[in-house]
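Novice: quick one, fold the following:
(chains A and B)
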Amino acid sequence: NAGVTQTPKFQVLKTGQSMTLQCAQDMNHNSMYWYRQDPGMGLRLIYYSASEGTTDKGEVPNGYNVSRLNKREFSLRLESAAPSQTSVYFCASSETSGSFYEQFFGPGTRLTVL
Amino acid sequence: DAKTTQPPSMDCAEGRAANLPCNHSTISGNEYVYWYRQIHSQGPQYIIHGLKNNETNEMASLIITEDRKSSTLILPHATLRDTAVYYCIVRAYSGGGADGLTFGKGTHLIIQP
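Specialist: The predicted structure follows:
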């Protein structure tokens, strides 16, 4: 099992350009998440999808859109990139039943907006 | 979710036990304590969690005080590969829906050879 995979690993954009970050998981998890991590900081939740067909805003959703394409895939789109969106983006997935709250994280996408 | 307080950094000698403290004085009865770690540039990794009893798994032990206002993560025989940022997270059971984790700045644990 690959776990959680993310593409691309690195990306450089110019201000105003758009792009989509892709995430897929092969653990049959119901829930998926997008976080961003700025230098020296903890992760902040952008959007999450508790189950297929639903998405909700997290702590820092402005400037982003998401699509839960199916149970496996959850994409994050930047419509008009800004330098403030320079960050490392992590996708994660988890089961939602019970109290066991283990999230599995992908390797991250390092995005620079010039 | 209750707020947590962790020291920004700690050192530990290789082979010794690393004890990482976390204060969560406003924790409520239905909130669990979770520990994750993030090795340089990688995605965070789950370590352990508990409600009120002490817990142990193959990676670590979690000691929660009787009043649940603080906890300690113990890595019994630290190795250089344990150098990472360790996050203490408090959150309630989400009741069937999942709404993400709240990460603070964590403790940067440095294992010294």
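
Novice: CA atoms for contacts and neighbours, from now on please.
Specialist: Will do.

Novice: nearest the geometric middle of chain A, what residue?
Specialist: residue A:34 (2.7 Å; Cα atoms, centre = their mean).

Novice: would you confirm that residue A:43 contacts residue A:37?
Specialist: Yes. Here residue A:43 lies in contact with residue A:37, judged by Cα atoms under 8 Å, at a distance of 4.6 Å.

Novice: tell me, how many residues neighbour residue A:12?
Specialist: If you count neighbours by other Cα atoms under 10 Å in any protein chain shown, residue A:12 ends up with 12.

Novice: name the helix or strand for it, please.
Specialist: Under the criterion DSSP states H and E, the helix or strand holding residue A:12 is strand A:10-13.

Novice: quick one, strands of chain A?
Specialist: Along chain A, the stretches classed as strands by DSSP state E are A:4-7, A:10-13, A:19-25, A:31-37, A:43-49, A:56-57, A:64-68, A:74-78, A:87-94, A:104-105, A:109-113.

Novice: quick one: list the elements packing against the fifth one.
Specialist: For strand A:43-49, the helices and strands in contact under the criterion 3 or more Cα pairs under 8 Å, 6 or more residues apart in numbering or on different chains; DSSP states H and E are strand A:31-37, strand A:56-57, strand A:64-68.

Novice: for residue B:76, which of those is the nearest?
Specialist: Ranking the helices and strands packed on strand A:43-49 by distance to residue B:76, with Cα to Cα as the measure, places strand A:31-37 first at 29.2 Å.

Novice: helices or strands up against that closest one?
Specialist: In this structure, strand A:31-37 makes packing contacts with strand A:43-49, strand A:74-78, strand A:87-94, judged by 3+ Cα pairs under 8 Å, 6+ apart.

Novice: give the pairing partners of it; include direction for each.
Specialist: Taking DSSP bridges as the criterion, strand A:31-37 sits next to strand A:43-49 (antiparallel), strand A:87-94 (antiparallel) in its sheet.

Novice: re the thing from before, now for the strands of chain A, which one comes closest to residue B:58?
Specialist: Evaluated over the strands of chain A, closeness to residue B:58 peaks at strand A:104-105, with 17.6 Å, by Cα to Cα.
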